[in-house]
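Enquirer: Output the structure for:
(one chain, ligands or ions: 1)
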Amino acid sequence: MPERPEIDWYDTPRYYDLVFDEDTPLEGHFLEAMVERHGRSRGRRALEPACGSGRLVVELARRGWRVTGNDLSRPMLDYARARLREEGLSARLVHGDMAELELAGRFDLAHCLVSTFKYLLSERAATRHLERVADLLVPGGLYCLGFHLTDYDNLRFDRERWVVDEGDTRVVCNIQAWPADPGRRRERMRSRMRITEAGRVHEQETHWWFRTWDARQVRRLLRREPRLELVAVHDFRYDPEVEITLEEGFDVLLVLRRRPD
Ligand SMILES: C[S@@+](CC[C@H](N)C(=O)[O-])C[C@H]1O[C@@H](n2cnc3c(N)ncnc32)[C@H](O)[C@@H]1O
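Expert: Next comes the predicted model:
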């Protein structure tokens, strides 16, 4: 059995990118469909808080958006820069905390998908994040925020598995979530990756915490930032034609629109 060292999986951006890149064109299409349907601003300036390896930065830049991305991980930002260079594209990538979003500019679209928002572990950080997004959006601009809601009645482990092949690399990624702790509003997460590259195998493991949210807690949070109006809810199928309510599902994608000043 290979050893399984514990690392920050964002220190190995390529493996993250291989696993999560599959839906990227679908997400890009969905974001543009939301702008078309709900946006009241026709500019093409996009902001991605916690942009990671840049899969959506690249996707939106390809689609003609002027993109700004922010992230706390320097290896992820370096990887995103290299991806942009390879494709002859450009974007502004800024190191920093998505709770504060210390960057200049105004945006027509912001988005933060795949539960990344749950890295903000306190109510204060989550509220501050929404406040900063509202500051940075133009009136009529959209914030698409996708994350998995917690079922506090679920006492089982949740597991997801991906297997991805690219060239001579295979990545098998298993993510496990422990049952939530409703008092601390935390859920313990673990990813285990088994990577085969040119016949050599290694494994790595990452542990982290997410903040938990149910529909009621999300509605309470949204009331704290009245400049953002909830105009639609979708799910992780990223189908512009399928709307749900916040209370209806666990994989929710909120479409928030910046109200006029
Ligand atoms: C699941 S990845 C998502 C990346 C990207 N948004 C995507 O859709 O592929 C989460 C990213 O959030 C970043 N991150 C976590 N906490 C953060 C924070 N407080 N501020 C900025 N970035 C953060 C991590 O470094 C990582 O790149």
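
Enquirer: Not counting sequence-adjacent ones, nearest residue to Thr245?
Expert: Leaving out its chain neighbours, the residue that sits closest to Thr245 by Cβ to Cβ, 6 or more residues apart in numbering is Val233, at 6.0 Å. Yep, even glycine has a C-beta here, placed from its N, CA and C like the rest.

Enquirer: Give me the contact list for the host helix or strand of that neighbour.
Expert: Using DSSP states H and E, Val233 sits in strand 228-234. The contact list for strand 228-234, computed with Cβ atoms under 8 Å, 6 or more residues apart in numbering, reads 30, 34, 37-38, 130, 133-134, 142-143, 222, 240, 242-246, 248, 252-259.

Enquirer: The closest residue to the ligand within the chain and Trp65, how far apart?
Expert: Among the residues of the chain, Gly52 lies closest to the ligand, at 2.5 Å counting by Cβ to the nearest ligand atom. Distance, Gly52 to Trp65, using Cβ to Cβ, to the nearest Å: 17 Å.

Enquirer: Show me how far stretch 104-113 is from its chain's centre.
Expert: With Cα atoms, centre = their mean, to the nearest Å as the basis, stretch 104-113 stands 13 Å off its chain's centre.

Enquirer: who in the chain is up against the ligand?
Expert: 10, 20, 48, 50-52, 55-56, 70-73, 76, 97-99, 113-114, 116, 119 (Cβ under 6 Å from any ligand atom).

Enquirer: hmm, 8 Å instead?
Expert: Residues of the chain lying near the ligand by Cβ under 8 Å from any ligand atom: 10, 13, 16-17, 20, 24, 27, 48-56, 70-73, 76, 96-99, 112-116, 119-120, 125.

Enquirer: Now which of these would you call buried?
Expert: Neighbour-count burial (16 or more other Cβ atoms under 10 Å) applied to the residues of the chain next to the ligand gives 10, 13, 16-17, 20, 24, 27, 48-56, 70-71, 73, 76, 97-99, 112-116, 119-120, 125.

Enquirer: among the residues you listed, which are in strands?
Expert: Of the positions in those, Glu48, Pro49, Asn70, Asp71, Cys112 sit in strands, assigned by DSSP state E.

Enquirer: Would you reformat the residues you listed as TSV and include pLDDT?
Expert: Putting these into TSV (pLDDT from 0 to 100) gives the following:
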residue	pLDDT
Glu48	98
Pro49	98
Asn70	98
Asp71	98
Cys112	98
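
Enquirer: Looking at those, which two lie furthest apart in space?
Expert: Pairwise distances among those were taken by Cβ to Cβ; the largest, 11.0 Å, belongs to Asp71 and Cys112.

Enquirer: Centre of the chain to stretch 210-223, how far?
Expert: Here stretch 210-223 is found 16 Å from its chain centre; the criterion is Cα atoms, centre = their mean.

Enquirer: all strands for the chain, in order.
Expert: Assigned by DSSP E, the strands in the chain fall at 45-49, 66-71, 92-95, 107-112, 137-148, 158-166, 169-177, 186-197, 200-211, 228-234, 251-258.

Enquirer: Give me the residues contacting the third one.
Expert: When you say that, I think you mean strand 92-95. Against strand 92-95 from outside (Cβ under 8 Å, 6+ apart): 51, 54, 57, 67-72, 74, 77, 80-81, 102-103.

Enquirer: Just the closest of those to Pro179, please.
Expert: Comparing the contacts of strand 92-95 against Pro179 with Cβ to Cβ places Leu72 closest, at 27.2 Å.

Enquirer: which phi and psi does the closest one have?
Expert: phi -90, psi -20 (degrees, to the nearest 10).

Enquirer: Which residues are in contact with it?
Expert: Neighbouring residues of Leu72 by Cβ under 8 Å, 6+ apart: Ala50, His95, Gly96, Asp97, Met98.

Enquirer: how about CSV for the residues you listed, with distance to Phe107 and pLDDT added?
Expert: CSV is the format used below for the contacts of Leu72 (distance: Cβ to Cβ, whole Å; pLDDT from 0 to 100):
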residue, distance to Phe107, pLDDT
Ala50, 15, 98
His95, 18, 98
Gly96, 15, 98
Asp97, 18, 98
Met98, 14, 98
